[in-house]
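Student: Make a model of this:
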Amino acid sequence: MRNLIRQNRGFLAFMLLLGLFRTAVADWNPVPSGSMHPTILEGDVVLVNRLAYDLKLPLTDHVVLALGEPQRGDIVTFTSPRDGVRLIKRIVAVPGDRVAMHDKQLSINGESANYTALATQMPHAALDAPWQAQLYSEQIAGREYLIQWLPGVLARDNFETRLVPEGQYLMLGDNRDNSADSRYIGLVPRQLLIGKAVRVLLSVDILGIWLPRLERFGQALV
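Tutor: As a prediction, this is how the structure comes out:
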């Protein structure tokens, strides 16, 4: 065993450094679900900047140094406060915001979102949601991004105005009718944020014939 370790110490050192890099600096995560359609598709591998908000001790949630503030509209990976599963969603409300939803319409600090209907299309990948999706541009609080609704699908489309407390964030998936987000798992504490998803590194059609989606390689996430 000692000889094996000695003969491969360069490779082992590389793997150790790679592991530390992924747990403290940057990470890449394959996305298996459709909760962020149409922004992120199943089979996308996204680059996550772990230093966007906090410097943490590797393999822990212990914050050593705060480096930046999460913003509305950021797409983030985080650990679910309900069951510890890693999720990827969009930050919709930050500490101090008053946020509500009525019949799907989001409002923040008294401002109601504006929605512009786009084309109806079949989702790229729909193992868990084989319905036609209606795409919208959602504009609120100075941010604009794409979301989708699934007509006829029951979801939690209403919640009364709530104040987001210090150190907590309200997350929603862009696929509003097929996302286990803060409507179901509650607000997310800052220490459970892992990092900011900034770009699609590569993408494969995992629900088709596994061909690469070259047009998505390197695509910025907004």
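
Student: which residues of the protein score low on pLDDT?
Tutor: Residues of the chain meeting the criterion pLDDT under 70: 1-26, 120-131.

Student: Helices along that one, start to end?
Tutor: Applying DSSP state H to the chain gives helices spanning 2-7, 9-24, 182-185.

Student: Identify the residues contacting the shortest one?
Tutor: Read it as helix 182-185. 80-83, 87, 89, 92, 101, 155-156, 159, 169-172, 188 (Cβ atoms under 8 Å, 6 or more residues apart in numbering). (C-beta placed from N, C-alpha, C; glycine too.)

Student: Would you mark the buried spots in that helix?
Tutor: By 16 or more other Cβ atoms under 10 Å, the buried positions in helix 182-185 come out as 182-183, 185.

Student: Would you reformat the residues you listed as JSON lines and include distance to L59?
Tutor: What follows is the buried residues of helix 182-185, written out as JSON lines (distance: Cβ to Cβ, whole Å):
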{"residue": "S182", "distance to L59": "26"}
{"residue": "R183", "distance to L59": "30"}
{"residue": "I185", "distance to L59": "23"}
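
Student: Among these, which one sits closest to A141?
Tutor: A141 has its nearest neighbour among the buried residues of helix 182-185 in S182, at 16.2 Å by Cβ to Cβ.

Student: distance of the closest one from P38?
Tutor: S182 sits 20 Å away from P38, going by Cβ to Cβ, to the nearest Å.

Student: for A113, phi and psi?
Tutor: With angles defined as degrees, to the nearest 10, A113 sits at phi -70, psi 150.

Student: number of nearby residues for it?
Tutor: Neighbour count for A113, taken as other Cβ atoms under 10 Å: 20.
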